[in-house]
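Asker: Give me a model of this one.
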Amino acid sequence: MKPPTTDPASLKTTCMPVEGEYVRVHRLLRIMTLIQSQNGWDAKALARECHVGQRTIFRDMEMLEGAGIPYFFDEEHGGYRIRGDFFMRPIELTIEEALAIVALGEHIAGPTHQVSFLQPAARAVAKIRSQLPDRMQKELEKLSQHLAIRIGQTAIEDEAEDVFLTLQRGVAEHRCVECLYDSVSGGEAKGKFILQPYTLLFSRRAWYVIGHHGRYDEVRCLKVSRFLGARVTDKQFTPPKAFSLSKYLGNAWWMIRGDIRYRVELRFDQEFADNIAATHWHKTQEVDWHDDGSITFRCKVDGLDEIVWWVLSMGPHCTVVQPKELVARVCQLSEQTLQRYRKP
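Answerer: Reported below is the predicted structural model:
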């Protein structure tokens with residue numbers, strides 16, 4: 001199904017200035033990328049994504065047809081698609097773009113395993129790199145030798161990789177996964193259960209899956225490395241429209257959301273003030289500077305289980321002003337630590 005040669009009467013007339021060829025070409029490339037990689041891109045969705053009217057999208061589709069791009073309208077998925085045997089030559093990369101891809105693919109997803117299970121990304125980068133011009137390859141090799149990224153190396157187990165791929169398939173195909181899980185705390189009952197995996201999350205050196213736990217009939221966050229087994233079933237599920245990762249995490253300090261929201265106020269001395277103020281620790285944080293070079297750090301967090309360990313990691317350079325519950329927990333844990341080092 002091709003777009004109509006004349007604009008539908010139902011569309012409103014919009015007065016728009018004549019755009020530059022640079023803008024049009026980039027929009028055409030954007031449209032080709034979208035309809036070649038994802039389903040459901042009709043004229044309305046493309047217009048919204050490209051910030052233009054549907055009339056403009058119809059004209060763009062006519063230009064693609066004139067350029068010999070073999071697209072069609074997929075009735076099943078309700079959007080335009082490009083025929084599978086068509087291959088679009090990759091856009092030439094700048095040295096900055098190529099260096100960014102190498103940084104992500106080789107330094108994070110490569111042999112150092114800083115983010116596990118992303119080896120396919122490293123292989124993809126190697127293929128892209130092999131197609132770059134010789135001049136750019138030499139310049140990229142020289143620059144990449146002086147680039148290092150360290151975010152914490154993770155331990156890799158073959159069984160965990162199999163589980164990750166199984167969960168990844170469950171997320172992509174909206175299929176229930178039969179699981180066997182080993183809880184560190186022992187709170188998880190033994191035996192198999194059905195998980196509806198909503199999303200995969202990498203946080204603080206580990207992968208987690210978030211989804212509906214069949215045994216407890218609630219959404220839970222489970223660490224991938226603690227799965228003893230996982231199998232994709234034939235049963236499909238529909239992810240709830242109301243679910244989103246941001247809503248699930250709420251105002252958690254990292255990823256464990258508590259039931260109570262606290263207003264946290266911390267005082268950092270001059271020695272730590274610059275580093276604390278220069279880092280984005282939490283989406284709600286506010287920083288006030290004082291004349292002596294110290295700062296007051298404020299935020300709102302759901303639960304104290306995570307932030308208490310962050311506060312303790314700052315040692316004597318951080319003082320908890322409020323809430324009193326956090327003051328008490330820091331004092332208790334500090335005293336327990338001190339007891340371990342006191343001589344009999």
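Asker: alpha carbons only for contacts and neighbour counts from here, please
Answerer: Noted.
Asker: and Cys318, how far is that from Leu200?
Answerer: 34 Å (CA to CA, to the nearest Å).
Asker: What residues of stretch 306-313 count as buried?
Answerer: If you call a residue buried by 16 or more other CA atoms under 10 Å, then stretch 306-313 has these buried ones: 306-308, 311-312.
Asker: Among those, which lie within helices?
Answerer: Mapping the buried residues of stretch 306-313 onto helices (DSSP state H) picks out 307-308, 311-312.
Asker: Out of those, the closest to Asp269 would be?
Answerer: Val311 (13.0 Å; CA to CA).
Asker: Could you pull out the strands in the chain for me?
Answerer: 71-74, 79-82, 175-181, 193-203, 206-213, 218-223, 227-236, 261-268, 286-289, 295-302, 318-322 (DSSP state E).
Asker: Next, format these as a markdown table and append distance to Lys343.
Answerer: A markdown table is the format used below for these (distance: least, CA to CA, whole Å):
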| stretch | distance to Lys343 |
| --- | --- |
| strand 71-74 | 76 |
| strand 79-82 | 73 |
| strand 175-181 | 41 |
| strand 193-203 | 38 |
| strand 206-213 | 37 |
| strand 218-223 | 38 |
| strand 227-236 | 41 |
| strand 261-268 | 31 |
| strand 286-289 | 40 |
| strand 295-302 | 36 |
| strand 318-322 | 27 |
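Asker: Minimum distance to Tyr341: which of these has it?
Answerer: strand 318-322 (21.2 Å).
Asker: elements contacting that closest one?
Answerer: strand 261-268, helix 324-341 (3 or more CA pairs under 8 Å, 6 or more residues apart in numbering; DSSP states H and E).
Asker: From the chain's centroid, how far away is the longest one?
Answerer: Its chain's average C-alpha position is 35 Å from that of helix 324-341, according to CA atoms, centre = their mean, to the nearest Å.
Asker: ok and that helix relative to strand 318-322, angle-wise?
Answerer: Counting by axes from the mean of the first three to the mean of the last three CA atoms, to 10 degrees, helix 324-341 lies at 140 degrees to strand 318-322.
Asker: could you dump helix 324-341 to PDB, C-alpha only?
Answerer: What follows is helix 324-341, C-alpha atoms only, in PDB (Å, rounded to 0.1, in the frame of the first residue of the first chain):
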ATOM      1  CA  LYS A 324      16.600  10.900  62.600                       C
ATOM      2  CA  GLU A 325      16.000   7.300  61.400                       C
ATOM      3  CA  LEU A 326      19.100   7.600  59.100                       C
ATOM      4  CA  VAL A 327      21.100   9.100  62.000                       C
ATOM      5  CA  ALA A 328      20.300   6.100  64.200                       C
ATOM      6  CA  ARG A 329      21.200   3.600  61.500                       C
ATOM      7  CA  VAL A 330      24.500   5.300  60.800                       C
ATOM      8  CA  CYS A 331      25.400   5.400  64.500                       C
ATOM      9  CA  GLN A 332      24.400   1.700  65.000                       C
ATOM     10  CA  LEU A 333      26.400   0.400  62.000                       C
ATOM     11  CA  SER A 334      29.400   2.600  62.900                       C
ATOM     12  CA  GLU A 335      29.400   1.300  66.400                       C
ATOM     13  CA  GLN A 336      29.200  -2.300  65.200                       C
ATOM     14  CA  THR A 337      32.200  -1.700  62.900                       C
ATOM     15  CA  LEU A 338      34.200  -0.100  65.700                       C
ATOM     16  CA  GLN A 339      33.500  -3.100  67.900                       C
ATOM     17  CA  ARG A 340      35.200  -5.400  65.400                       C
ATOM     18  CA  TYR A 341      38.500  -3.400  65.700                       C
END
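Asker: which parts of it are buried?
Answerer: Quick answer for helix 324-341 (16+ other CA under 10 Å): 326, 329-330.
Asker: Also the first one?
Answerer: The neighbour-count criterion (16+ other CA under 10 Å) identifies 262, 264-268 as the buried residues of strand 261-268.
Asker: Tell me the confidence at Leu93?
Answerer: pLDDT, Leu93: 74.
Asker: just Met255 next, same as before
Answerer: pLDDT, read off for Met255, is 89.
Asker: hang on, the earlier thing: Ile31: which of the ones in helices among the buried residues of stretch 306-313 is nearest?
Answerer: Ile307 (43.9 Å).
Asker: which residue packs closest to the spatially most central residue of the chain, ignoring adjacent ones?
Answerer: Nearest residue to the geometric centre of the chain (CA atoms, centre = their mean): Leu201, 6.9 Å. Among residues not flanking Leu201 along the chain, Tyr208 sits closest, at 5.1 Å (CA to CA, 6 or more residues apart in numbering).
Asker: Count the neighbours of that neighbour for me.
Answerer: Using other CA atoms under 10 Å as the criterion, Tyr208 is surrounded by 19 other residues.
Asker: Just want to check the distance between it and Arg24.
Answerer: Counting by CA to CA, the gap from Tyr208 to Arg24 is 41 Å.
Asker: do the same with Ala47
Answerer: From Ala47 to Arg24 the distance is 13 Å (CA to CA).
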